[in-house]
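Novice: quick check, what structure comes out for this input:
(one chain, ligands or ions: 2)
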Amino acid sequence: MSDNKNFSPENRTMKNMLVTGGAGFIGSNFIRLVFHKPEFTGRIINLDKLTYAGNAESLGDVASIYGNRYVFVHGDIRDSALLEKIFMEYEIDTVVHFAAESHVDRSIEGPAEFIQTNINGTFSLLETARKIWKDRADVLFHHVSTDEVYGSLGETGYFYETTPYDPRSPYSASKAGSDHLVSAYHHTFGLPITMSNCSNNYGPYQFPEKLIPLMISNIRQEKPLPVYGDGKNIRDWLYVDDHNEAIWQIIHKGINGETYNIGGENEWENIRLVETLCEIMAEKLNRPMDDVKKLITYVKDRPGHDRRYAINCDKIKRTLGWKQKYNFETGLRATVDWYLSHDAWVQSIQSGEYQKWMEKNYRER
Ligand code: NAD
Ligand code: TYD
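Specialist: Numbering: from 1, shown residues only. Ligands and ions are numbered 1, 2, ... in the order given. A predicted model of the protein is given here:
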């Protein structure tokens, strides 16, 4: 079916886009990016459960600027009846699926929600798309995934699209499960899909439990900066708009059934990154650098902590012409500035369930 020329990217309708998890970090930035594209004249339906990580306020400006081209639906991706209603009522022709439980540490504390949302939720979405779209060729289901499904690297080597899956945490295992389901729905039922596996993102609206915004928030409040293990684990960092631009290009030009790796080609040891953040924050807050660096506290390692992630993203560069635009130094500074000038957002998102989770878990570390 995927060889059929009706399934070529130029035949995609892309008028009514269902974005799941659009109140989260990457999804909210994606919605803003799409509305800024002059060529996008359609409508976005944002379906989000508003878990501890979702904040509808992140898109308050979008709701007022774009009127009825933006619709927010508060609900769960596991709710098949709701999904059917959304697909029918809004004539959905494109799904960009971000909704997930996304934090590795939480998946260690309590994996159940990860299985429920990431696997069962993706299954409900796929079933609805299959049922409503039937054999339509002008539609697309884009699944957003992570490089963590490939496992952990040693000092050398990269993750390619062909690297066998080897997930190590409940989070990455649940994402791997959802990736396999998406692939199965393509191969078995002919559902038009694309998929992307991306490295660690940073930027505005990221929940302050992930490394970069947590460190910014703790430095600001003069709290300890918990560095896991020896601090030498390596992550490949990418600015969130670069990730979202890649997704935009995949949904327009990506070949039906293909997976694309997206990465920053920007590897950092955690400790070096935390020190760099200390340097930037000391300058911005006008505090002595040594005082800020003294906050660094080595803590017990994360169980099963993957040592190194590094993406080879030649395929998307070569075939779709995507490349990273943001330099890490300027991207980090812009991110720090954003957090320093959005204290109300940080306070609001930290005031919910998350706060209780932090109090319980950080005492135990
Ligand atoms: P996030 O935790 O900031 O946001 C997730 C959003 O999904 C939240 O708004 C939450 O309310 C919503 N959600 C959770 N469960 C839901 C459910 N059952 N029904 C409806 N909505 C639900 O996550 P993020 O960092 O923006 O990640 C988005 C996607 O990108 C995820 O699929 C993640 O696996 C993937 N990804 C993230 C990164 C990263 O560095 N953050 C890197 C690669 C891939
Ligand atoms: P994180 O932002 O949780 O992303 P992921 O685990 O999905 O890569 O963590 C990034 C790296 O930073 C990871 O190696 C774990 C480490 N880390 C710390 O050292 N301290 C922290 O408080 C956190 C949240 C992460």
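
Novice: wait, H143 touches C198, no?
Specialist: No: applying C-beta atoms under 8 Å, one finds H143 not in contact with C198, separated by 11.5 Å. From N, CA and C alone the C-beta is placed, and that goes for glycine too.

Novice: and whichever residue of the stretch 1-150 of the chain sits closest to ligand 1, how many neighbours?
Specialist: Proximity of the stretch 1-150 of the chain to ligand 1 (C-beta to the nearest ligand atom) peaks at G24, 2.0 Å away. Residues near G24, counting by other C-beta atoms under 10 Å, number 25.

Novice: residue contacts, it?
Specialist: 48, 53-54, 98-99, 102, 207 (C-beta atoms under 8 Å, 6 or more residues apart in numbering).

Novice: can you list the residues of the chain near ligand 1?
Specialist: For the chain, the contact set with ligand 1 under C-beta under 6 Å from any ligand atom comprises 20-21, 23-27, 47-51, 53-54, 76-78, 98-102, 117, 121, 144, 146, 175, 198, 200-201, 207.

Novice: look up how far V182 lies from the residue of the stretch 1-150 of the chain closest to ligand 1.
Specialist: Between G24 and V182 the computed distance is 19 Å (C-beta to C-beta, to the nearest Å).

Novice: cool, Y160 as well?
Specialist: 19 Å.

Novice: tell me which of those two has more neighbours.
Specialist: Relative neighbour count places V182 above the other of Y160 and V182, with 24 against 13, counting by other C-beta under 10 Å.

Novice: beta partners of the nearest residue in space to the more buried one that is not next to it in sequence?
Specialist: Distances taken as C-beta to C-beta, 6 or more residues apart in numbering put H143 closest to V182, at 4.4 Å, once the chain neighbours are dropped. H143 forms beta bridges with H97, M195, as assigned by DSSP bridges.

Novice: show me what contacts H143?
Specialist: Neighbour list for H143: 97, 122, 178-179, 182, 193-196 [criterion: C-beta under 8 Å, 6+ apart].

Novice: give me that answer again for 10 Å
Specialist: Counting by C-beta atoms under 10 Å, 6 or more residues apart in numbering, H143 touches 95-98, 122, 125-126, 175, 178-179, 181-183, 185-186, 193-197, 259.

Novice: list the buried residues of the host helix or strand of L82.
Specialist: Using DSSP states H and E, L82 sits in helix 80-89. Across helix 80-89, burial judged by 16 or more other C-beta atoms under 10 Å covers 82-83, 86-87.

Novice: contact residues of this protein facing ligand 2?
Specialist: Going by C-beta under 6 Å from any ligand atom, the residues of the chain near ligand 2 are 104, 200, 210-211, 214, 226-228, 233, 235, 270, 302.

Novice: surely D147 is in contact with D179?
Specialist: No: look at D147 against D179 with C-beta atoms under 10 Å: they stay out of range, at 11.4 Å.

Novice: need the residues touching each of these two.
Specialist: N197.

Novice: what about those two, which has more around it?
Specialist: The neighbour comparison of D147 against D179 (other C-beta under 10 Å) goes to D147, with 27 against 21.

Novice: residue ranges with poor pLDDT in the stretch 1-150 of the chain?
Specialist: Scanning the stretch 1-150 of the chain for pLDDT under 70 picks out the ranges 1-3.

Novice: what about the stretch 151-300 of the chain, any weak spots by pLDDT?
Specialist: For the stretch 151-300 of the chain, no range has pLDDT under 70.

Novice: ok, now how distant is the residue nearest to L340 when sequence neighbours are not counted from L181?
Specialist: Leaving aside its sequence neighbours, L340 sits nearest to K284 (C-beta to C-beta, 6+ apart; 6.4 Å). Going from K284 to L181 by C-beta to C-beta gives 44 Å.
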